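In: Got a sequence here, can you build the structure:
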Amino acid sequence: MTEISNMPSRPLYLHEVNRIKSENEEVENTEALFYNGNNINAVICLFVNIQGTAYITGYDVDESSWVVLTTTDEEESTISDYQEESDTVIEWINEKYGEEGYGIYEMYND
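Out: Next up, the predicted model:
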């Protein structure tokens, strides 16, 4: 997995996830996916879409660093690619945080 050198050596705060999009023109979207334990303000996994490429990154608690977990291209990826990548992310989160050590942000449709 590729380490991301320009991220802090800690989980992100929710407002920092929002700033990634607002402060970078090339970023089309950001979403917090998982949080640490009961702390909904401690983002440990996030989705970032940069110019048609989707990245899911995770905070590696053992290494105190952020890593790229998956990369998919909007135009070239299939639904089965997305499902495979999702399974990989969930396995990684379970390995690093345990099945009870994280929470999932819910997406609400208005």
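In: Now do the phi/psi pair for the residue positioned nearest the centre of the chain.
Out: Nearest to the mean C-alpha position of the chain, counting by CA atoms, centre = their mean, stands residue 46 at 2.0 Å. Phi and psi for residue 46, reported as degrees, to the nearest 10, are phi -140, psi 160.
In: so who does it touch?
Out: Listed by CB atoms under 8 Å, 6 or more residues apart in numbering, the contact set of residue 46 reads 12, 17, 30, 31, 32, 33, 56, 57. For every residue, glycine as well, the C-beta is placed using N, CA and C.
In: Okay, and the nearest residue to residue 102 once chain neighbours are set aside sits in which element?
Out: Nearest residue to residue 102 in three dimensions, chain neighbours excluded: residue 34, at 5.0 Å (CB to CB, 6 or more residues apart in numbering). Under the criterion of DSSP states H and E, residue 34 resides in strand 27-36.
In: and that strand, which strands flank it?
Out: strand 43-50 (antiparallel), strand 102-104 (antiparallel) (DSSP bridges).
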